[in-house]
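Student: I'll drop the sequence and a predicted model, then ask my questions.
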Amino acid sequence: MSHDRRCTTRSPQATDVELIESWINVLWLEKGLSENSQSSYRRDLRQYALWLNQRQLGLLHAGRSELQHYLNWRLEQQLKSSSTSRLLSCLRGFYRYLLREGRISTDPTLNLDNPRTGRPLPKTLTEQDVETLLAAPDTSDVLGLRDRTMLEVLYATGLRVSELIALQLEQINQRIGVIRVIGKGNKERLVPVGDEALYWVQRYLKEARPMLVRDMREEALFLSQRGQMMTRQTFWYRVKRYAIESGVDKPLSPHVLRHAFATHLLNHGADLRVVQMLLGHSDLSTTQIYTHVASHRLQSLHREHHPRG
């Protein structure tokens, strides 16, 4: 029997849907799982449930062999190994939950290996690229001033785009130049803004935001033309437009300025653990990937200080 990448157009069994939703609700309650993560986990589990349905099986009755066959099927479909690795992590958490609740007696994910994934280096921009991109918006225009401020804050703080657009007025302390960020899992961290970004925030609040606000009760810091919190898609569309207009011919992703923030800090001598704290990484190994793109500075230090450099 051949199956396309969607597995099937049918819906999962009602029991499987209930199991998936109950686990996601538990994750939200216990770990504060974000909506984006909830959607990813729900999608991964539903796709697996649909695949099982074709074999007259449900999530409660799938064993290790079914899981292995599903992973092999994904490999045949040439799906990214990184997404399969994420799926396996999701399934491990899901089946541990079912085991804890007494719904299954054996965890089928035990002794399953993660697919090998090459760890990609984050794409980044040079310092000149960043300066060029930051200077692209027309700051004599209300939207241009808003966009310049958002870019400055993003580069100065290393926030995730989702964290940037979700900022509320009360989260930024202009007096001491600090932003209180609500990150993944509702974890809070304090991030310094820096004088340059703070200057643009103050200009935006004085000259642009009053022109955009429609409802005086709106607490979002950065507003759309409609006077509401911007979407990630709208902001990133504008960033890509500025990159094209300014001639920054580099692959861009929503994290590109976050990567530049981390890389440039390390290049200028910042401690890796400090960068970890600023980025809001719970595990230092997540931050260590940036040491690869900061190798130029490490080589310079070696030449300068090693007796045989």
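Tutor: Arrived safely, thanks for sending. Numbering: from 1, shown residues only.

Student: now Ile172: how far from Glu218?
Tutor: Applying C-beta to C-beta, to the nearest Å, the value for Ile172 to Glu218 is 15 Å. Every residue, glycine included, has its C-beta placed from N, CA and C.

Student: same check, this time on Leu279
Tutor: Per C-beta to C-beta, Leu279 is found 28 Å from Glu218.

Student: quick one: which of these two has more around it?
Tutor: Between Leu279 and Glu218, Leu279 has the larger neighbour count (other C-beta atoms under 10 Å), namely 22 against 16.

Student: isn't Leu75 up against Thr84?
Tutor: Yes - using C-beta atoms under 8 Å, Leu75 is in contact with Thr84, at 7.5 Å.

Student: for those two, indicate the residue with more neighbours.
Tutor: A count of neighbours by other C-beta under 10 Å puts Thr84 above the other of Leu75 and Thr84, at 19 against 12.

Student: quick check: the more buried one vs Glu76, distance?
Tutor: Following C-beta to C-beta, the distance that separates Thr84 from Glu76 is 12 Å.

Student: now Asn25
Tutor: 33 Å.

Student: neighbour count: the two, which is higher?
Tutor: Between Asn25 and Glu76, counted using other C-beta under 10 Å, the more crowded position is Asn25 (12 against 8).

Student: and that one, what helix or strand is that in?
Tutor: helix 14-31 (DSSP states H and E).

Student: from the chain's centre, how far out does that helix sit?
Tutor: The chain centroid and the centroid of helix 14-31 are separated by 22 Å, computed with C-alpha atoms, centre = their mean, to the nearest Å.

Student: and stretch 206-216, by the same measure?
Tutor: 29 Å.

Student: between the two ends of it, what distance do you get?
Tutor: End-to-end distance of stretch 206-216 (C-alpha to C-alpha, to the nearest Å): 15 Å.

Student: look up the closest residue to Gln202, ignoring the ones flanking it.
Tutor: Excluding the flanking residues, the one nearest Gln202 by C-beta to C-beta, 6 or more residues apart in numbering is Gln174, at 6.5 Å.

Student: my guess is that neighbour contacts Leu198, does it?
Tutor: Yes - Gln174 is within contact range of Leu198, at 6.5 Å (criterion: C-beta under 8 Å).

Student: okay, these two: which has more neighbours?
Tutor: Leu198 (22 against 11).

Student: quick check on Gln168: phi, psi?
Tutor: phi -110, psi 160 (degrees, to the nearest 10).

Student: the nearest residue to it once chain neighbours are set aside: how many residues sit nearby?
Tutor: Nearest non-adjacent residue to Gln168, counting by C-beta to C-beta, 6+ apart: Glu219, 4.6 Å away. Applying other C-beta under 10 Å, we find 11 other residues in the vicinity of Glu219.
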